[in-house]
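Undergrad: Generate a structure from the sequence data that follows.
(chains A and B, ligands or ions: 3)
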Amino acid sequence: MRDPLIPVVGVVTKIQTDTPDVKTFSVVGTDGKKPFAHIPGQCAMLSMPGVGEALFSITSSPTQEDCLEFSIKKCGCVTDWLHSITEGTQLTIRGPYGNGFPVDTDFRGKDLVFIAGGIGLAPLRSVINYVRANRANYGAVDVVYGARSRDDLVDYDEITNDWAKDGITVHLTIDREQDGWEGHVGFVPNFVKELAFDTSKTVIMCGPPIMIKFTLAGLMELGFAKTNIYTTLELRMKCALGKCGRCNIGSKYVCKDGPVFRLDALDELPDEY
Amino acid sequence: MKKIEKARLPELFAALNETAALYLPADRDGVAAFTRWQEGVTLTEKLNTVRSAKDLFFPQVETLANFKTQGGTIEIEDAARQDEDFIVFGVRACDLRSFEILDRVFLAEPQDTFYKARREHAAIITLACNAPEETCFCTAFSIDAADPQGDVTAFLTDTALCLRANTEKGENLLAKLPLSDGAESEIAAWQKQARETLEKLPIQLDLSGFTGERMMELFNHPAWQPLSEACLGCGTCTFVCPTCQCYDVKDFKTKDGVQRFRCWDSCMYSDFTMMSAGQPRPTQKERFRQRFMHKLVYYPMNNEGIFSCVGCGRCLQKCPIHMNIVKVAKTLGGERDA
Ligand code: SF4
Ligand code: SF4
Ligand code: FES
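TA: Numbering: from 1, shown residues only, chains lettered A, B, ... in the order given. Ligands and ions are numbered 1, 2, ... in the order given. You can find the predicted model right below:
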């Protein structure tokens, strides 16, 4: 019997450079097939033996059949290694982990507002593309996405062309004025306030803690109920099985009970994230 | 009930070791530790081992897998699991309870197969207590130290070791040993005296205030600051604790590949939760609080109210600054100092 801590071998079949510090990796098993099925919002452990193992959210939608995709920002041991490899390189993979977003229950029939900052788009892309593939099951969809600059916006073409075709309204913003940028300039929290979405919509948010904090304050001001807001947490993880104790917050383990939390549930937990 | 004269204990240990590898608490360089039995190894006079019995099921370091990474390909080879039976003699009631606490972590789905293999291959012979130390407070957790369970319970009286099988595994084991018949009544007086002593343990704790409903109130308690001020973050309390189960996974480069191993870790260490993006527990206060909140509040919330402390007193004996779970529980539980 294989221990859940022991990974399987995977192969990186494609590497796409999204921004100066973000690349998207397509991973298959040694049999050339997708290593496992998942729910949007779930994660997987990727590792290079000798370098280390780290948890990444799965960027591709479950409806994508040929591989799993991971959009990864360069920021530490394992990510440095990933950014240095070429197509065809082997790594190890185990998963899927975590609860994922309630795409087939709570989100059904709802108007959805996705709010992402920087690399926070990675986990949300999985949900957005799932929603696109099952478009009739959801109401109006808005995406607010911000990054430092135009160059830091991941998948600009997919977002502006393909998503719009599926009736998704995309609101892009960058932190500072830039030559050739005609779109919105400013930070995500303020932009969200300006957009003043209807409070009956369901908000799904992912980004740096500071963005989350201020955006939340804005949403509360607009009158959103905590039961209509979802976000993901990111903590240091080792086992992803709820056993090593590292990602424990209150009675929850982020690796197994999260990473997706509805705001009312998150509010009942100690503020250690 | 079976028995053997005290003087014949070496013979009993030899017979046990004939059936499977035997581990028992023995003195090693003056320190009581679970030790692989061999001719001449005798049972310690000390009440309990310095390190807990968890080492036998969840060792401090263990290999998970070996990777061969040559020519751009990776080969994964699982590390071996325990596949031979072994016997642990002399487990005290507190440490026995710790196995149940660890089981609820490691045997929850998806099961930890390394831990599971050791649990399945072990026969546990507990040893009842009649002379607790002043640091013992197992009674706070409704542990009956005078009658622990396990596969076999052993009672050491002035003259004999009495053995009672509690499981089929225990029955089968006793059948193979050079024992004579005894009667329950032979330990009645011994047990009565033991219970009287245990009822009067110097540390009495009221843990009724540690409930899930009070999680945030306890978390925000002002006493965490003064309680944690002197903590060195040395992690001693977590390493000697039979219920602490946090671990790290690391890689080690060998001559022809990479060994992935796990080792104990401690929530008392600053790098336990350190991320490139930030540190959710920036000072020792938060780390210290995590250890005790986990044992007294979070773990019980997930496990039908069972605390993740067994009152073994090891942390009371070993903390260099004399901080411990009793002081914490009394301060937060609103009880005056004893
Ligand atoms: S916290 Fe202290 S007394 Fe409780 S089980 Fe751990 S070492 Fe023993
Ligand atoms: S409580 Fe004591 S034993 Fe535990 S880390 Fe602090 S100083 Fe070390
Ligand atoms: S990562 Fe080990 S418990 Fe969550």
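Undergrad: and the residue nearest to the spatial centre of chain B, what is it in contact with?
TA: When chain B is reduced to its mean C-alpha position, the nearest residue by Cα atoms, centre = their mean turns out to be residue B:242, at 2.7 Å. Contacts for residue B:242 (Cβ atoms under 8 Å, 6 or more residues apart in numbering or on different chains) come out as B:52, B:53, B:54, B:94, B:95, B:98, B:101, B:310, B:312, B:314. The C-beta positions use only the backbone N, C-alpha and C, and glycine is treated the same way.
Undergrad: what does residue B:195 give?
TA: Under the criterion of Cβ under 8 Å, 6+ apart, the contact list for residue B:195 reads residue B:146.
Undergrad: wait, is it part of a strand?
TA: No. The assignment for residue B:195 is helix, going by DSSP: H, G, I helix; E, B strand; the rest coil, so no strand is present there.
Undergrad: Just the element for residue B:260, please.
TA: strand B:257-264 (DSSP states H and E).
Undergrad: Which pair of the contacts of residue B:242 spans the longest distance?
TA: Greatest spatial distance among those (Cβ to Cβ): B:101 and B:314, at 14.3 Å.
Undergrad: Not counting sequence-adjacent ones, nearest residue to the residue of the stretch 101-250 of chain A found nearest ligand 1?
TA: As assessed by Cβ to the nearest ligand atom, ligand 1 sits closest to residue A:245 within the stretch 101-250 of chain A, at 14.0 Å. Excluding the flanking residues, the one nearest residue A:245 by Cβ to Cβ, 6 or more residues apart in numbering or on different chains is residue B:246, at 3.5 Å.
Undergrad: Quick one: buried ones out of the contacts of residue B:242?
TA: Among these, those scoring as buried are B:52, B:53, B:54, B:94, B:95, B:98, B:101, B:310, B:312, B:314 (criterion: 16 or more other Cβ atoms under 10 Å in any protein chain shown).
Undergrad: out of these, which touch ligand 1?
TA: Applying Cβ under 6 Å from any ligand atom, the subset of these adjacent to ligand 1 comprises B:310, B:312, B:314.
Undergrad: Need the pLDDT of residue 127.
TA: By default, I'm working from chain A. Looking at residue A:127, its pLDDT stands at 96.
Undergrad: wrong one, I was asking about chain B
TA: At residue B:127, the model reports a pLDDT of 98.
Undergrad: next one: residue B:336
TA: Reported pLDDT at residue B:336 in the predicted model: 40.
Undergrad: got it, and residue A:213?
TA: Per-residue confidence (pLDDT) for residue A:213: 89.
Undergrad: Distance check, it against residue A:272.
TA: Computed as Cβ to Cβ, to the nearest Å, the residue A:213 to residue A:272 distance reads 14 Å.
Undergrad: so when I look at residue B:232, I'm seeing a helix, right?
TA: No. With three-state DSSP as the criterion, residue B:232 is coil rather than part of a helix.
Undergrad: ok, then the element right after the helix or strand bottoming out on mean pLDDT in chain A?
TA: Scoring the helices and strands of chain A by mean pLDDT, DSSP states H and E places helix A:156-157 at the bottom, with a mean of 82. Scanning forward in sequence from helix A:156-157 by DSSP H and E, the next helix or strand is helix A:164-165.
Undergrad: what's that following helix in contact with?
TA: Applying Cβ under 8 Å, 6+ apart, the set of residues contacting helix A:164-165 from outside is residue A:170.
Undergrad: Let me see the mean pLDDT of it.
TA: Mean pLDDT, helix A:164-165: 90.
Undergrad: looking at this, residue B:9 is in a helix?
TA: Yes. With three-state DSSP as the criterion, residue B:9 is part of a helix.
Undergrad: Could you check how far it is from residue B:127?
TA: Separation of residue B:9 from residue B:127 (Cβ to Cβ): 12 Å.
Undergrad: Just checking, which helix or strand succeeds the helix or strand containing residue B:23 along the chain?
TA: If you go by DSSP H and E, residue B:23 is part of strand B:21-28. Downstream of strand B:21-28, the next assigned helix or strand under DSSP H and E is strand B:31-36.
Undergrad: sorry, back to before: which one of the buried ones among the contacts of residue B:242 is nearest residue B:216?
TA: residue B:101 (24.0 Å).
Undergrad: got the contact list for the residue lying closest to residue B:295 once chain neighbours are set aside?
TA: Nearest in space to residue B:295, with sequence neighbours left out and distances taken as Cβ to Cβ, 6+ apart, is residue B:308 at 4.3 Å. Counting by Cβ under 8 Å, 6+ apart, residue B:308 makes contact with B:101, B:243, B:294, B:295, B:296, B:299, B:300.
Undergrad: can you give me phi and psi for the residue nearest to the centre of chain B?
TA: Residue B:242 has phi and psi values of phi -70, psi -20 when expressed as degrees, to the nearest 10.
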